[in-house]
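Q: Would you be able to build a 3D model of this:
(chains A, B, C and D)
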Amino acid sequence: MLKTEELQVNIGPQHPSTHGVFRMLVTVDGETLVDLKPVFGYLHRNHEQLGEVNSYLQNMPFTDRLDYFNSMVNNHAYARAVEQLAGIEVPERAQYIRVIMDELSRILNHASALGFLLGDMGAWQTSLLWGLREREKILDLFEYVSGARMMCNYSRFGGVARDIDDYFISEVKKLMQGLPRYFDEFERLLVENEILLVRAKGVGVLPKELALSYSVTGPLLRGSGVPYDVRKAEPYAVYDRFDFDIPVGTVGDVYDRFLVRVEEMRQSYRILEQALQQMPEAEGGHINPKVKQQSLKPPVGESYARVESPKGELGFYLVSDGSGSAYRYKVRAPSFINLSALADMCKGYKIADVVVILGSIDIVMGEVDR
Amino acid sequence: MTLSTRKGTVNIVEVNRHDNNIHAGQGTLKGLDIVFRKFRKALFGKANTERDDTEGQFNVQYPEERLVLAEAYRNMPILLYDDATGQELCTSCFQCERVCPPQVIHITQAKHPETGKPVPAAAEFVLEYDTCMSCGYCAEVCPFDAIKMDHDFELSTADHPALDVHYTHLLRPVSYYEAIAPTMWAEVRDAALKKLQNNIKRRPGNIGVDHGQKIAGKSSAAAPKAATPAAGAAGRKQYTGPIAKVGTSMSEDKLARLMAIREANTGKRGGPPESGAHAIEADVATNAAGQVAPSDQATSGSAASKATGPVAAPGKNMSEDKLARLMAIREANKAKQGE
Amino acid sequence: MTYWPVIAVDAWIGLVLVSIIKVTLILVGGSLGMMFLTWYERRAIAYMQDRRGPNRVGPQGLLQPVSEAIKTMTKEDITPLDADRVVHFLAPVVMLGATVLAFAVIPWGNLFPSSLRVGVLFIFAVTGLHTVGMLMAGWGSNNKFALLGGMRGVAQMVSYEIPLLMALLPIILLSGSLSLTDIVTRQGDWYGFGWYVFSPVGLTAFITFFIAALAEGERTPFDIPEADSEIVAGYLTEYGGMKFAVFYLSNYMTNLALCFIMASLFLGGGNGPGVTALGTVLGGLLSLVYFFIKALALFFLMVLIRGTVPRLRVDQLMGFAWKFLLPIVLVNVFSTAIWVAITRWGPQAQIFTDWFGEPASDNYLRYGVAIVVTLIINLLAVYAVMRINRRQPSDLTEEEIALGLAG
Amino acid sequence: MNYVVLTIFFLLSALTLGSGIMVVTVKNIIHAALWLISTFVGVAALYMLMEAEFLAIVQVLVYAGAVSILVLFAIMLTRQITGTGTRQLHSRWWVAMLTAAALFGGVIVPTVWQQGSSWDKTASDAQAILVQQATEANGGTRPEIIPVAGTEELGAALMGEYLLPFEVVSLLLTAALIGAILIAFEERTRRRRVLTLAEELALRKRGIVEPHDEEGAVVPVDAEQAV
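A: All right, here's what the predicted structure looks like:
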């Protein structure tokens, strides 16, 4: 009996499709993958330790750098954790602003994530650039309101840094006139493409039971058929006032995750519509003026706040000892936990599928390595 | 499908996997069709900048075309001074230094030359542009509206030490900030100027007036004193020379840089390198200069002699109109002071 | 000595001079064509993606390839320490040599550099040497990615050469010649529209040839040897500077050659309305224009596909060649034989003459019958192949199929 | 023939023979295979020089393009590539030498024997014979191009005179093809299969514990077994 030789290949850390500095030590038998060992930490920058040294406010811009696609969501989650810890009231209007920013973030994240996924499959970036076009339009809005495209640093304890004005709202409405066209074009371009079907169907299957036991979240979990979404499971901000669906997959393969993301963009669109409609009636200003932002000293205690980041459940855990900086600070990064399922998901598939599966998890190394 | 939970009902939609469709190439043809249509639109359609457009070209041809930056846009922090009097708004209250997350702001407070008591003005203000993360907290917390976020983003340089930016090169006139962020300045204008008037009363002599544009204005007077004018020469060249276009200014800059380096070299041969720093601070306040640690002096001295990088010479890479505005403001100030 | 008859020296020198001029023209034209193609592809794909593409160097960015050529030429030439120096160096030479050789017989419009009687075969024989260059590059680089890419590339090339050549057979049967000159000339009937692509067999051959040509030219969705998201840059991983440029040149010249071949074989080369009527010089110029329009349209189709579809996996690629393309191509050869029999056979098959009349180019009954019969055969073949390839193992449940147990 | 042709002939022969020698003397087996390609191309060029275009091209297509690639592939899939430790000469090299010489003689001697009378004829004589043959084949008129080994002649010969050998060879090749597929198929069924996560779960659900071999790897479980 012939025995084929096993070959060890390093994919990364410098590789076009590892989404950052990430190394996969891959053992292949022919083209079939036998073992995969993820190696990360190349981007480690001591985020959690810094969070225990800095004051609460000082840590806010560092959370931008976790998942640099969705700094708005990160800010929101961190602000929620601190608000919970210090018992700060957040005005309704600020909640609505946060929701609008979160949903815009979700659209831009999924648009680029789907583009990158297809780029990993070898589609020559057309879908990616269409997605980036929409992303750029949204980022311009972020810049208008917060001052920076990606490192928004927008949330404050008890609200947001600046109020949004009529121009911003009219631009968001304008943007939303174009978005459905983008969704349709994108679906027409690729959803039924035969090559995409053969590349994505039945690849990287993560069954429901295992998805739960790996504690993955986000589109990865919903693609496996579990209708878990923090926005519904534990409605934060004003999410309980909106009517939207949770898309779930049936098989749990790359194609399901792909479709779930496409559908989630449409659902975010629905939420945006409702939020813009309801916002004028919201009470309060953009921020709670009573909060001392710089010298915040929450009472002794702990808090865990989670939000539905586009990548999954993003949680911040804080312990206060009554001083100006956190005693313990921990981030539950969705990318990191979703990535833990990668090695097992890839086993048994072809080496070319590995990058596709990795792309379908949608990781950001800034969040994985922290 | 609906799922009832304790928190309410959840609508669940299963995604359509298109399992039952026959796929014989029509999906690919659909894709080819839409891509071809996009191609046609982009080829014959006009360029698009509207937010609701999804067709046509979206490129901004960068050096020639520029997006309008939002007022709130924040890049690097700058310090403001009053156009009319040259009084700096900073009172060295250390709020920004304290809040700065990456700890890149370093302030030395000015002292009264006779009593040695602290004066509400900064003797030296150093900002490490290379480590600054542009979070904007310094501008947010400043009670005197002295520190603001600049819009100039073309800061690329090969001269790394020049990225430790000193007071001299951080200063911008109030009118400059008013030009880039009119409404944001209008909100705080009156309060800020009132506070400034209060502070001026507590500043003896020249303290709090003597940075930035002074070097441009008074360098001719300072020239005989020492070999400082390394920075001064470059600065003068920068401010007075008409920079017509982004592209054409290059050679001029290079020339200026070369001259500056030569002058610095001759200065080095003639006297100690610290003389530059001394000269600047001698103008400010003698005892303030004495407060600065020797190592700091060396740094500031080298920075002054190398003050030819884009950061050191503000406006070099600034967009044309902004630069023109800045220069006009400076001219006006000079004229005023000359009177 | 009478043993070696001496040819007049001046005739010999003339021949050499003409050959040198031809070779120079081909080399310059090929390289310029390659440069134009890179610009063309980048601009076209940019417009598909709502971008502008290179537009800075020269008018409309036309000189961008020149600046890139200068850049690659002035870059440092790097050979990995453990690489096989000679093989590493020779690989791009072999690649480029194979491509340039193919240009010896490829017509430009109705102009033929050299008329080889087996020109069609010659092209594929020499382009087949690409595989050697690929293996040399993959092995000589002493790099796992390069080796993987080289192996994949060779496996792909060897597999797709079979449907590629088989797709040619119908054209050879229709024209009765292996010479490109003859094939192009015979498509000049019917006011310049006697292109082979207008017959069912020719169309099938064209489509299959086009797909196989995408694989031969390493174009998306078959650009697996250089799949940048999987194996970095395939066999090109360890190449930089001028050597890389030579690979690139060879790749794009191959694509240019394939477009030219397809335009010549299936789309009538330089034939079109008015070419014969305008005489030699004007007609020749017009034929060049027609030819380039056809070739560039074909390349645009390649670019459009590149802008749209993802890449196939390597096993799916092989499966597509062997399970899908090859059967269809074989059936197409069979139906071409029927076409030839129906349209051409006179005395050999008296029964056809009795039914449809004498074989002649204006006997439309014969052509009509041939079109119907071959169309039915080809469609049946495509249906059958698709049916067989849609595996439906009846003994497995839905769940297992979905879980991938069926494979 | 003229000087030019003769010079080219000698150059090509030198190339062919030189690369042939390199094939057997080079230590690195990949280099040997690459030299073999060079030999094939040289032979094809010689064919081309004799105006046997079709043969030349088939030589390149089949030998240089396909056979040598298969050889290279086979070599690369095996482990030892650089033969630093391998011996070039077998102890009974003379047996191989004799065999080669005998085979060469077996080919060349009958040819010389048969063609002995025409061997020393001039090129123009040979040309005349060819022209005569072609004229006869063409039905009395002299054709414009005198094919030496054209596609038509080869095709006619294969389908007429040599039909039986042709069919026998094709049958043999088909048998070889089927055999290769069978071997590969059997090999594939026996190959160690890495189960994917979903398959593992499906097996576990059915109560089938994953079978491991002594190395800890999963041994193949066929789909039927799973059911």
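Q: Can you report how many residues lie near residue B:331?
A: When neighbours are counted by other C-beta atoms under 10 Å in any protein chain shown, residue B:331 registers 13. Where C-beta positions appear, they are placed from N, C-alpha and C, glycine not excepted.
Q: Please enumerate the strands of chain D.
A: Counting by DSSP state E, chain D has no strands to list.
Q: Residue ranges in it under the pLDDT threshold?
A: Within chain D, the segments meeting pLDDT under 70 span D:1-2, D:77-89, D:115-127, D:130, D:137-140, D:142-150, D:187-193, D:206-227.
Q: Quick check, the residue in it closest to chain B?
A: Closest residue of chain D to chain B, C-beta to the nearest C-beta: residue D:198 (15.6 Å).
Q: for the nearest residue to that residue once chain neighbours are set aside, helix, strand, or coil?
A: Residue nearest to residue D:198 in three dimensions, not counting chain neighbours: residue A:205, with 3.9 Å by C-beta to C-beta, 6 or more residues apart in numbering or on different chains. Using DSSP: H, G, I helix; E, B strand; the rest coil, the structure places residue A:205 in coil.
Q: With the one 10 residues further on instead?
A: Of the three states, residue A:215 takes coil under three-state DSSP.
Q: Name the nearest residue to it, ignoring sequence neighbours.
A: Spatial nearest neighbour of residue A:215, excluding adjacent residues (C-beta to C-beta, 6+ apart): residue A:337 at 6.0 Å.
Q: Show me the domain layout of chain B.
A: Following the assignment in automatic domain parsing, chain B carries domains at B:1-14+B:35-59, B:69-212.
Q: can you check chain D too?
A: Chain D breaks down into these structural domains: D:1-89, D:190-227 (assignment by automatic domain parsing).
Q: related to what we said a few turns ago, so how many other residues sit close to the residue nearest to residue D:198?
A: Counted with other C-beta under 10 Å, the neighbours of residue A:205 add up to 26.
Q: Over to residue D:74?
A: Around residue D:74 there are 10 residues (other C-beta under 10 Å).
Q: Roughly how far does it sit from residue D:91?
A: Distance, residue D:74 to residue D:91, using C-beta to C-beta, to the nearest Å: 26 Å.
Q: can you check residue A:223 too?
A: Taking C-beta to C-beta as the measure, residue A:223 falls 66 Å from residue D:91.
Q: what's the burial count for the nearest residue to residue D:197 once chain neighbours are set aside?
A: Closest residue to residue D:197 apart from its sequence neighbours, by C-beta to C-beta, 6+ apart: residue A:344 at 5.2 Å. Counted by other C-beta under 10 Å, the residues lying close to residue A:344 total 15.
Q: Name the helix or strand for residue A:344, please.
A: Take DSSP states H and E as the rule and residue A:344 turns out to sit in helix A:342-346.
Q: Mind giving me the packing neighbours of that helix?
A: For helix A:342-346, the elements it packs on are strand A:32-39, helix A:351-361, judged by 3 or more C-beta pairs under 8 Å, 6 or more residues apart in numbering or on different chains; DSSP states H and E.
Q: still on that earlier bit, neighbour count winner among residue A:223 and residue D:91?
A: Legend: neighbour count by other C-beta under 10 Å for residue A:223 and residue D:91, higher for residue A:223 (30 against 7).
Q: dump the residue contacts of that one.
A: Listed by C-beta atoms under 8 Å, 6 or more residues apart in numbering or on different chains, the contact set of residue A:223 reads A:206, A:248-249, A:252-253, A:256-257, A:259-260, A:360.
Q: Low-confidence regions, the stretch 201-350 of chain C specifically.
A: The stretch 201-350 of chain C contains residues with pLDDT under 70 at C:225-230.
Q: CA atoms only: put the host helix or strand of residue C:133 into PDB for me.
A: For residue C:133, the element it lies in under DSSP H and E is helix C:130-140. What follows is helix C:130-140 as a C-alpha-only set of coordinates in PDB (Å, rounded to 0.1, in the frame of the first residue of the first chain):
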ATOM      1  CA  HIS C 130       5.000  26.100 -20.700                       C
ATOM      2  CA  THR C 131       4.600  23.200 -18.400                       C
ATOM      3  CA  VAL C 132       8.300  22.600 -18.500                       C
ATOM      4  CA  GLY C 133       9.000  26.100 -17.500                       C
ATOM      5  CA  MET C 134       6.400  25.900 -14.800                       C
ATOM      6  CA  LEU C 135       7.900  22.800 -13.300                       C
ATOM      7  CA  MET C 136      11.400  24.300 -13.500                       C
ATOM      8  CA  ALA C 137      10.200  27.400 -11.700                       C
ATOM      9  CA  GLY C 138       8.300  25.400  -9.100                       C
ATOM     10  CA  TRP C 139      11.100  23.000  -8.400                       C
ATOM     11  CA  GLY C 140      14.000  25.400  -8.900                       C
END
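Q: between the helix or strand following it and helix C:130-140, how big is the angle?
A: Once helix C:130-140 ends, the next helix or strand along the chain (criterion: DSSP H and E) is helix C:144-175. Here helix C:144-175 points in a direction 180 degrees away from that of helix C:130-140 (axes from the mean of the first three to the mean of the last three C-alpha atoms, to 10 degrees).
Q: Helix C:144-175: which residues count as buried?
A: Neighbour-count burial for helix C:144-175 flags C:144-172, C:174-175 (criterion: 16 or more other C-beta atoms under 10 Å in any protein chain shown).
Q: Over to stretch D:4-15?
A: Those would be D:12, D:15, for stretch D:4-15 by 16+ other C-beta under 10 Å.
Q: does the nearest residue to residue C:141 once chain neighbours are set aside sit in a helix, a strand or a coil?
A: In space, residue C:141 comes closest to residue C:238 once its chain neighbours are excluded; the distance is 3.7 Å by C-beta to C-beta, 6+ apart. Under three-state DSSP, residue C:238 falls in the coil class.
Q: and residue C:238, how many neighbours does it have?
A: 22.
Q: go on, residue C:223?
A: Residue C:223: 22 surrounding residues under other C-beta under 10 Å.
Q: swap in residue C:36?
A: Neighbours of residue C:36 under the rule other C-beta under 10 Å: 16.
Q: Give me the distance between it and chain B.
A: For residue C:36, the distance to chain B (C-beta to the nearest C-beta, to the nearest Å) stands at 18 Å.
Q: and that residue, that one's in a strand?
A: No: membership of residue C:36 in a strand is not supported by three-state DSSP, which gives helix.
Q: Once you drop chain neighbours, what's closest to it?
A: Closest residue in space to residue C:36, ignoring its immediate chain neighbours: residue C:65 at 7.6 Å, by C-beta to C-beta, 6+ apart.
Q: quick one: the one you found and chain A, what's the gap?
A: 19 Å.
Q: List the buried residues for the helix or strand where that residue lies?
A: Counting by DSSP H and E, the element that carries residue C:65 is helix C:64-74. If you call a residue buried by 16+ other C-beta under 10 Å, then helix C:64-74 has these buried ones: C:64-65, C:68-69, C:72.
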